[in-house]
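Colleague: I would like the atomic coordinates for the input below:
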Amino acid sequence: MFLIHLPATLLTLLPISSPGPSPKMLDRIVDRDRDLLVASVQELIRIPSIAGEPEPGAPFGPGPRDALTGALGIAERFGFSPTNLGNYAGFAEFGSGDEYVGILGHVDEVPEGEDWTHPPFGGEIHGGKIYGRGALDDKGPALAALFGARAVMESGLPLSRRVRVIFGADEETGEEDIAHYLSMERPPVSGFTPDADFPVVFAEKGILWIELQRNFSTSSAETLVKKIEGGSAPNMVPDRATAELLAAHPEIVIANCGEFVRQTGFPLEARLERGCVIVTARGQSAHASTPEKGRNAIMFLLGFLASQKLSPGAMTDAIRFFSRAIGCELNGRSFGIEISDAPSGSLTLNAGRIEATESTFRLILDIRYPVTSDKTDVVNRIRSTLRTSGFSGKILEHQPPLHYPEDSALVRTLAIVYREQTGIMAPPVAIGGGTYARSLPNIVAFGPCRPGQDPPIHRQDECIAIDELVAMAKIYAHAIYELAK
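Modeller: Below is the predicted model:
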């Protein structure tokens, strides 16, 4: 008898099990349910679920509550046993055993923004794609995972663990949903969240939301900035920002705006309205973890204002400080926080929201820092930059980085499933986005976006291709089986 010894590196490329489940068995069930999956995604998109003011029975507002109820209702219709945990989160489950595999999706959304081609809450189908806020982040993928789990449930394949699809209602604004879940339920022994990238995510950068604020008083003067507004959420690249100016010669400001546009290419316009000059900047929304995919309207606007002959004062100082210290940079170099590492790359910075009046100036930054750095280092650098600016900094939210070894069992298993189902061999990736993987042990992000894609997450005309939705449901079915068998 001859024994063949394979190198350890080759062993990681072999199939997970042999024989495994019949690919045709799981895939056939998903294909059979294609129309039901599409209709379910449309149904959930049509429930606007942006976070609102808490109400009795609706800890994150009525929208997320209604979407959670809708997702659990869909699960119940297709044979799952649903549980609602006080409208913070809920889950749909099948199988038996003490341990369970968890798949975590979320039903809440960021604000829709402007300039959609198709209704943001219509769930309309055009050109083989379902359009709407949440189609890709994360209602579509969450339901693809649910239908993948249904395929495993109906296949009759033997499992040693329960399978639980968990729906959260507060992923975009704070993840109190998962804290509540863990106060009532044990964590899963393994699993994934379909809320990032394929082939599998092994590292997520740290996330800091910093509010910078300065209070001041102003007096009447020749050219005075009275008000600045822009941005919907810190984790979105703002697609619109406006400023209101009181000017002795408004025609000069309007002419200067036209010249600024010609010189810079920044999309701004100025008009006279009720005795004030209204300057509007339009950008391109994107997820704050990938600010290079958007165009920041707030910084376009501050750049123009800083170039004007504004009256001396604290408002003018603040505008010029941020135009100089941030500008259109995405890596925080001029702000003193440029950091990078090998596993996860460079820090990113997004000026996500601005509110300024004649008495206060408030700017919220979304910062994604590398996994080998820490909050203290970043915050100390920011304090150093702010020292002479008159601004104070306040941490609104912090999520520490997540870093799994690339050869860990969970990362390796999911990477192999992706390769076997797609024929694509790609290494695990690090991301700037934040997912539920930070909040629960034994969870990593797995899809839905494929390598090389430019997904319209947190943008106008968010959509998901129906063929891709069905394909990811098949990938998730095989992944769930591998983790639960």
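
Colleague: which stretches in the chain count as helices?
Modeller: Counting by DSSP state H, the chain has helices at residues 8-11, 23-32, 34-45, 62-77, 139-155, 176-184, 250-264, 297-306, 314-325, 375-386, 409-422, 466-484.

Colleague: average pLDDT for the last one?
Modeller: The predicted model gives helix 466-484 an average pLDDT of 98.

Colleague: what's the angle between it and helix 23-32?
Modeller: On the basis of axes from the mean of the first three to the mean of the last three CA atoms, to 10 degrees, helix 466-484 is oriented at 130 degrees to helix 23-32.

Colleague: try the third one
Modeller: Taking the same axes, to 10 degrees, one finds that helix 34-45 is oriented at 50 degrees with respect to helix 23-32.

Colleague: what's the spacing between helix 34-45 and its chain's center?
Modeller: Computed by CA atoms, centre = their mean, to the nearest Å, the separation of helix 34-45 from the middle of its chain amounts to 22 Å.

Colleague: could you list the buried residues of that helix?
Modeller: Of all the residues in helix 34-45, those buried under the rule 16 or more other CB atoms under 10 Å are 37-38, 40-45. For the C-beta atoms, the positions are set from N, CA and C on the backbone; glycine is no exception.

Colleague: mean pLDDT lowest for which of the helices of the chain?
Modeller: helix 8-11 (a mean of 34).

Colleague: closest one of the buried residues of helix 34-45 to Glu244?
Modeller: The closest of the buried residues of helix 34-45 to Glu244 turns out to be Ile45 (CB to CB; 35.4 Å).

Colleague: check the gap between that closest one and Gly174 for me.
Modeller: 22 Å (CB to CB, to the nearest Å).

Colleague: for Gly275, list the residues it contacts.
Modeller: Gly275 is in contact with Leu246, counting by CB atoms under 8 Å, 6 or more residues apart in numbering.

Colleague: how far away is it from Leu246?
Modeller: Taking CB to CB, one finds Gly275 at 8 Å from Leu246.

Colleague: and for Lys139?
Modeller: To Leu246, Lys139 is 45 Å away according to CB to CB.

Colleague: more neighbours, those two?
Modeller: Comparing Lys139 with Leu246 by other CB atoms under 10 Å, the one with more neighbours is Lys139, at 32 against 18.

Colleague: Asn360 and Cys276: what is the separation?
Modeller: Careful, residue 360 is Thr and not Asn. Thr360 is 19 Å from Cys276, by CB to CB.

Colleague: neighbour count: the two, which is higher?
Modeller: With neighbours defined as other CB under 10 Å, Thr360 and Cys276 compare such that Cys276 has more, 18 against 15.

Colleague: is it true that that one touches Leu246?
Modeller: Yes - if you go by CB atoms under 8 Å, Cys276 and Leu246 touch, sitting 5.7 Å apart.

Colleague: list the residues that contact both of those two?
Modeller: Taking CB under 8 Å, 6+ apart as the contact rule, Cys276 and Leu246 both touch Lys226.

Colleague: perfect, that will be all.
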